[in-house]
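Asks: need a 3D model of the following:
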Amino acid sequence: MMAGVARKSRRGAILRSFTEMVAERGYDEVSVRDVAEDLDISKGTVLHHFGNKEALLEEMNAVYMRRRLTEAKKFLAEFTAPIDQLQMIVYQLMLSQQADRAATVAFSREIVRSASDELMADVRTMRDQYSQIVIEIIARGIKQGDFAKVDTRLTALQIFGMCNWAWTWFVPTGSKTATEIAEQYCRTLIGGLSPGPVPKLNGKKLADAVEAAMAANQPEPISPS
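Replies: Predicted structure coming up:
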């Protein structure tokens, strides 16, 4: 294996191990030594790649947000109707609870930590970008008459609260899949926003497009180094 590929693989493996541990235990209960022991490498190797534990957390969060933004830009370009786009956001947020489980749980567990930490400035910028995408979808829906007049920011927060905290109770092997939960969420959300009769929802078509965007943007497998 070429040295450059090996270094890239080692860095990816470190980040993956750290992410899985944070998802399981929480940031405060994970040490650099834990990651090193999990991968059978030295603590110095972890620090060589990331410098400190805080930098690992920043990278974990930044990678997560870049992935969600890239996916959203892809599937939103395929559908222009606000009703469709808002549903796709819900599908993405819930499908990430299943298809990208460890990263989603880790990110969600430590979301408050990234709210003010100076090191997390780029992560906050990306979170704001994602929030603005959702706010603008709602605003366009109101302007076009698809949605009733509501507070766009409050409605966006409602969506995030509804989906992002699902990690506390959602079980990927449970009685309902992430897609089924998202479908019910969409029925109640669009039904509540609709100024008239609830429009026909093309849930499967939208969910398939979101899944395709997510599948195309999965992290590269980590090769042994």
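
Asks: since we're on Q92, how many residues are nearby?
Replies: Q92 has 26 neighbouring residues, counting by other CB atoms under 10 Å. C-beta coordinates here come from the backbone N, C-alpha and C atoms, glycine included.

Asks: now do the one 4 residues further on
Replies: By other CB under 10 Å, the residues close to S96 number 26.

Asks: now swap in the one 4 residues further on and tell me
Replies: Applying other CB under 10 Å, we find 21 other residues in the vicinity of D100.

Asks: which residues touch it?
Replies: 64, 67, 214, 218 (CB atoms under 8 Å, 6 or more residues apart in numbering).

Asks: same thing but 10 Å
Replies: 19, 64, 67-68, 71, 92, 107, 214, 217-219 (CB atoms under 10 Å, 6 or more residues apart in numbering).

Asks: now those residues: which count as buried?
Replies: Listed as buried from these are 19, 64, 67-68, 71, 92, 107, 214; burial here means 16 or more other CB atoms under 10 Å.

Asks: ok so, going back, which ones among the contacts of D100 are found in helices?
Replies: 19, 64, 67-68, 71, 92, 107, 214 (DSSP state H).

Asks: next one: stretch 182-190 to chain centre, how far?
Replies: Relative to its chain's centre, stretch 182-190 lies at 19 Å (CA atoms, centre = their mean, to the nearest Å).

Asks: what mean pLDDT does that stretch get?
Replies: The average pLDDT for stretch 182-190 rounds to 96.

Asks: same deal with stretch 71-87?
Replies: For stretch 71-87, mean pLDDT is 96.

Asks: for that stretch, how far is the first residue from the last?
Replies: Distance between the two ends of stretch 71-87: 14 Å, counting by CA to CA, to the nearest Å.

Asks: okay if I get the buried ones among the contacts of D100 as a markdown table plus distance to K200?
Replies: What follows is the buried ones among the contacts of D100, written out as a markdown table (distance: CB to CB, whole Å):
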| residue | distance to K200 |
| --- | --- |
| T19 | 39 |
| Y64 | 33 |
| R67 | 31 |
| R68 | 28 |
| E71 | 25 |
| Q92 | 21 |
| F107 | 34 |
| M214 | 25 |
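
Asks: rewinding a little: okay, the contacts of D100 in CSV with distance to D208 next?
Replies: Shown next, in CSV, are the contacts of D100 (distance: CB to CB, whole Å):
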residue, distance to D208
T19, 27
Y64, 23
R67, 19
R68, 18
E71, 13
Q92, 12
F107, 25
M214, 11
N217, 15
Q218, 16
P219, 21
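
Asks: can you name the two of the residues you listed that are farthest apart?
Replies: For these, the farthest-apart pair by CB to CB is T19 and Q92; their separation is 18.8 Å.

Asks: quick check: buried residues in the lowest-mean-pLDDT helix or strand in the chain?
Replies: Among the helices and strands of the chain, helix 3-25 carries the lowest confidence by mean pLDDT, DSSP states H and E, at a mean of 82. Going by neighbour count (16+ other CB under 10 Å), the buried part of helix 3-25 is 8-23.
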